[in-house]
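[1] Can you look at this prediction? I've put the sequence above it.
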Amino acid sequence: MTHRSLERRIRRLELVSTARSINEAVIILVVAPDRDPEQGERVVVDGFRDVGNIVWGRERITAEPNDNGHRCERHGYLADVLAQIHEQCPWRETGGVCRMCHGTPIAESPSETQESDNDQT
C-alpha cells in the first residue's frame, strides 16, 4: 500500500466517522404520561430542547393519527413545553442551574424577574 492510497483511505474513514457522529443524537426523556394510552391513542415524543447531540424529550399521549410528536429546531427549544416543565423544576427556587432551561429566557425564575422589575422602578 502506498502512502498516497493510505492517506485517501484515512480521509474516507474520517468523512464517514464525522457524518455518523453528527447524525446520532441521544434523546433524554424527562416526562412520561401519568396514564396508559386508551384505545385509539398512542404515545409520541416531543423533542423540546436540542443542544447538539442531546435532545431533551417528553412523552405525550395523542389520538391524532398525523401527530408524530413536536420537534424543535437544531440548537433550539419549544418554549411552551419548556415552560411547562420548568414550572416543576427543582432548581427554580434553589438557584441552581437547570441544564434543560439554561441559556433560554425561561431559565429566569420568578424571583429573578421580580427583582429586575423592582430595580427598574
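    Alright, I've got the coordinates.
[2] so the spatially most central residue of the chain is in which element?
    Nearest to the mean C-alpha position of the chain, by C-alpha atoms, centre = their mean, lies R49 at 2.4 Å. Using DSSP states H and E, R49 sits in strand 42-50.
[3] Name every sheet partner of the next helix or strand after that strand and say whether each one runs parallel or antiparallel.
    For strand 42-50, the succeeding helix or strand toward the C-terminus, using DSSP H and E, is strand 54-62. Partners of strand 54-62 in the sheet, by DSSP bridges, are strand 26-31 (parallel), strand 42-50 (antiparallel).
[4] Any regions of this protein where pLDDT drops low?
    Residue ranges of the chain with pLDDT under 70: 1, 17-24, 91-92, 95-97, 108-121.
[5] Helices along that one, start to end?
    3-23, 79-86, 91-94, 110-120 (DSSP state H).
[6] one step back: among the strands paired with strand 54-62, single out whichever gets nearest to P105.
    Among these, strand 42-50 comes nearest to P105, with 13.2 Å by C-beta to C-beta. For every residue, glycine as well, the C-beta is placed using N, CA and C.
[7] I am finished for the moment; much appreciated.
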